[in-house]
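# Fold the following.
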Amino acid sequence: MRVVLACPYAWDAPGGVQVHVRGLADALARRGHEPLILAPAGGPVEEDDVRVVGRPVRIPYGGKVAPICPSRSSWRRVREALRVFEPAVVHVHEPFSPSTSMFATLASEVPVVATFHAFHERSRLLRISTPVLRSVARRIAAPVAVSEAAAGFVEEVVQRDIEIVPNGVDVARFSAAAEPAADMPARPVMLWASRLDPQKGFRVAVRAFAELADAFEDLSFVVVGAGSDRDAVDVLAPGTRARVRMVGAVPNRELHHYHAGASVFLAPATGHESFGVILVEAMAAGVPVVASDIPGYREVVRADRDGLLVPPGDPHALAASVGRILRDPELATRLRAAGRERAEAFTWDAVAPRLEAIYGRVTSPRGDA
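I've put the predicted structure just below:
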């Protein structure tokens, strides 16, 4: 089956949706399908199955900056790509963003499957745009969300049942990680692997490390990622700051080497998380997880079973839970084993067949999507 996968965000920018679409395309190809990815990009893309359909612009939204392509010329490129490729189904991601996925939804002459990834506690822009977005929603044959949180965010617009199919993760790559990155310090290591911005709670993590540094004199903090809060570590005392290794952005395909050398993984996001791919990656690698107790994360990590959950925005609770893991080898061992087992629910071998079944339903002669 020929499947177009439409990604609204710049293909050459870091992001969970891009990683998901890349993984889905690879999984579909392994299962005998022919995927084609449509996405904007700021520069050339060398992947044979990716077609660049415009240049992105950076639009602030929800405390982040979305690299999308709302141009009329991109609409024409999307429409032409669909005409030439002749897919059996078009699978769009975040179709309410005015970019590639919305254009593909409106231009498609074949059934459209739509996956919603985002979650916000509230969105004034979504509420104002609802009448317009409902015209987009009516073009969707099968709405899908990566979590109950993501489904709840758009349910007033979609006004139909939304099937939950979680994000797929390259679990095998993380679970097989054995060789730590060359720049990883000796354990114990507290690992951060995400954007450095207020939503992700990087300043909370820095304050937690400041508390832990005195109690664990050999603890290091490895920070993988880039963002506006990168200077947050400058408030640390010089001796404590020297134990922080700022790695910068790392391609996802190389990220597992950092997990291989970690003792505990932090994810203290303050909100707006629909899922938790970074949690699954850490669990797959056998790294105990301490994360915020927020919607989306709770659907991935079951408290005190697969990892430890703490109140968002609370550096003291974060430090205390990290300290529990570092002091209690039995707890760390139990969380490592439970996390690895939990991660198996999000492998592409588990997720891709569910999406494949949806493709089959919407393209069947009966049209019983």
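
# ok, the residue nearest to Thr240 when sequence neighbours are not counted - contacts?
Among residues not flanking Thr240 along the chain, Ala213 sits closest, at 4.5 Å (Cβ to Cβ, 6 or more residues apart in numbering). Just so you know, the C-beta spots here come from the backbone N, C-alpha and C atoms, and that holds for glycine as well. Ala213 makes contacts with Leu219, Leu236, Gly239, Thr240, Arg243, as judged by Cβ atoms under 8 Å, 6 or more residues apart in numbering.

# Repeat that for Ala210.
By Cβ under 8 Å, 6+ apart, the contact set of Ala210 is Leu236, Ala237, Thr240, Pro315.

# Distance check, the residue nearest to the spatial centre of the chain against Ala345.
In the chain, the centroid-proximal residue (Cα atoms, centre = their mean) is Gly16; its distance is 3.1 Å. Gly16 is 17 Å from Ala345, where distance means Cβ to Cβ, to the nearest Å.

# same question, Phe96
Counting by Cβ to Cβ, the gap from Phe96 to Ala345 is 27 Å.

# and those two? which has more neighbours close in?
Ranked by neighbour count (other Cβ atoms under 10 Å), Phe96 and Ala345 place Phe96 first, with 25 against 13.

# could you pull out the strands for the stretch 51-200 of the chain?
Assigned by DSSP state E, counting those that start in this stretch, the stretch 51-200 of the chain shows strands spanning 57-61, 64-68, 89-93, 112-116, 142-145, 163-164, 189-193.

# want to try JSON lines for those, with distance to Gly43 and mean pLDDT as columns?
Listed next are the strands of the stretch 51-200 of the chain as JSON lines, based on distance: least, Cβ to Cβ, whole Å; pLDDT from 0 to 100:
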{"stretch": "strand 57-61", "distance to Gly43": "14", "mean pLDDT": "84"}
{"stretch": "strand 64-68", "distance to Gly43": "12", "mean pLDDT": "85"}
{"stretch": "strand 89-93", "distance to Gly43": "21", "mean pLDDT": "98"}
{"stretch": "strand 112-116", "distance to Gly43": "26", "mean pLDDT": "98"}
{"stretch": "strand 142-145", "distance to Gly43": "30", "mean pLDDT": "98"}
{"stretch": "strand 163-164", "distance to Gly43": "35", "mean pLDDT": "98"}
{"stretch": "strand 189-193", "distance to Gly43": "24", "mean pLDDT": "98"}
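
# how about those strands, which one is nearest Val322?
strand 189-193 (6.3 Å; Cβ to Cβ).

# Just the angle for the following helix or strand past that closest one relative to strand 189-193, thanks.
Where DSSP states H and E defines the elements, the next helix or strand beyond strand 189-193 is helix 202-215. Interaxial angle, helix 202-215 versus strand 189-193 (axes from the mean of the first three to the mean of the last three Cα atoms, to 10 degrees): 170 degrees.

# what's in contact with the helix or strand just after helix 202-215?
Going down the chain from helix 202-215, the next helix or strand is strand 220-224, by DSSP H and E. For strand 220-224, contacts defined as Cβ under 8 Å, 6+ apart pick out 184-186, 188-194, 196, 202, 205, 209, 233, 243-250, 255, 258, 261-262.

# circling back: I'd like to know which of the contacts of Ala210 are part of helices.
Thr240, Pro315 (DSSP state H).

# From the contacts of Ala210, keep the buried residues only.
In the contacts of Ala210, burial by neighbour count holds for Leu236, Thr240, Pro315, counting by 16 or more other Cβ atoms under 10 Å.

# Could you dump those into a markdown table with distance to Arg22 and pLDDT added?
Formatted as a markdown table, the buried ones among the contacts of Ala210 follow (distance: Cβ to Cβ, whole Å; pLDDT from 0 to 100):
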| residue | distance to Arg22 | pLDDT |
| --- | --- | --- |
| Leu236 | 36 | 97 |
| Thr240 | 37 | 98 |
| Pro315 | 34 | 98 |
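
# and these as a markdown table, adding distance to Asp328?
A markdown table is the format used below for these (distance: Cβ to Cβ, whole Å):
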| residue | distance to Asp328 |
| --- | --- |
| Leu236 | 26 |
| Thr240 | 23 |
| Pro315 | 20 |
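
# For the protein, give me the ranges with low pLDDT.
Applying pLDDT under 70 to the chain flags residues 61-63, 121-123, 125, 366-369.

# how does it divide into domains?
Taking automatic domain parsing as the domain assignment, the ranges for the chain are 2-168+347-363, 171-346.

# End to end on the last one, go ahead and measure it.
Okay, so that is domain 171-346. End-to-end distance for domain 171-346: 7 Å, by Cα to Cα, to the nearest Å.
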